[in-house]
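>>> I would like to see how this sequence folds:
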Amino acid sequence: MSGHTLGLVCAAAGGIEQVRERLIEPMLDDGWTIAVTLTPTATTWLEATDEVGKIEAVTGLRVRSAPRLPNEISPHPAVDCYAVVPATANIVAKLALGIADNQALTQLCEAIGGRRPPIVVFPRVNAAHAGQPAWDGHIAALTRAGVHLVYGEDVWPLHTPRSAPNKQIPWYAIRSAIESAAAEA
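Just a heads-up that it's a prediction; the model follows:
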């Protein structure tokens, strides 16, 4: 699929260090435009390894993490689909509750509330996160809102904390979900 713009939101979770090579660059090769917004902690993580600069170099767009001033024009084009990769348990909970306390969440909460563009979320969580009593309600709320979840034993079997340090992110399933969501829009 080409000619589409992906609004990629990244949170501070395992796999974020691979996002440029495993998701951004392949999608750019397929003709996508990628506009990246990071949560505040993800910004700290990726600035420490100069990944922010590398992402900006390959996408040609500024990586956002803070809101723009009222008189500033958005540095990102309109998006056809959002993807949250990786999504922490915190960002999933805030999305489900409509808490928009940073630039990344503001964009996503607006998309959920307006029912467009579509959103794909990959919750990069473990069994302890999913065992939290509110978790099932958060997943149900996002599903009811039409969010496309890359989640479940078939794509991301849950494990106990720190028991699978080299577990591979399901990049193919994430890309497939993005392409399907964008095609439906």
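>>> ranges for the strands of the protein?
All strands of the chain, identified by DSSP state E, fall at 5-10, 33-38, 81-87, 119-123, 148-149.
>>> check which helices and strands the first one sits against.
In other words, strand 5-10. strand 33-38, strand 81-87, helix 103-114 (3 or more C-beta pairs under 8 Å, 6 or more residues apart in numbering; DSSP states H and E). C-beta coordinates here come from the backbone N, C-alpha and C atoms, glycine included.
>>> any idea how far Ile99 is from Ser176?
Per C-beta to C-beta, to the nearest Å, Ile99 is found 29 Å from Ser176.
>>> check Pro157 too.
Distance, Pro157 to Ser176, using C-beta to C-beta: 18 Å.
>>> the more surrounded of these two?
Legend: neighbour count by other C-beta atoms under 10 Å for Pro157 and Ser176, higher for Ser176 (14 against 10).
>>> next one, pLDDT for that one please.
Each residue has a pLDDT score; the one for Ser176 is 97.
>>> ok, it to Tyr151 distance?
The gap separating Ser176 from Tyr151 is 14 Å, by C-beta to C-beta.
>>> can you show me the helices along this structure?
19, 25-29, 40-48, 51-59, 89-97, 103-114, 127-130, 135-144, 171-184 (DSSP state H).
>>> centroid-wise, who is the farthest residue in this protein?
What lies farthest from the middle of the chain is Asn71; by C-alpha atoms, centre = their mean that is 27.0 Å.
>>> how near is it to Gln107?
19 Å.
>>> nearest the middle, which residue of the chain would you pick?
Val84 (1.2 Å).
>>> bridging residues for that one?
When bridges are called by DSSP bridges, Val84 pairs up with Val9, Val121.
>>> roughly how far apart are it and Ile178?
For Val84, the distance to Ile178 (C-beta to C-beta) stands at 11 Å.
>>> what's the overlap in contacts for the two?
Here Val84 and Ile178 have Val120 as joint contacts, going by C-beta atoms under 8 Å, 6 or more residues apart in numbering.
>>> give me the pLDDT for the nearest residue in space to Ala89 that is not next to it in sequence.
Once flanking residues are discounted, Ala89 sits nearest to His129: 4.0 Å by C-beta to C-beta, 6 or more residues apart in numbering. With respect to pLDDT, His129 scores 96.
>>> measure His129 to Ala96 for me?
13 Å.
>>> shared neighbours of these two, anything?
By C-beta under 8 Å, 6+ apart, no residue touches both His129 and Ala96.
>>> re the thing from before, now do the contacts for the residue nearest to Ala89.
For His129, the contacting residues are Ala89, Pro123, Trp135, by C-beta under 8 Å, 6+ apart.
>>> tell me the one among these nearest to Val147.
Val147 lies nearest to Pro123 out of the contacts of His129, by C-beta to C-beta, at 10.5 Å.
>>> which intervals of this structure have sub-threshold pLDDT?
1-2 (pLDDT under 70).
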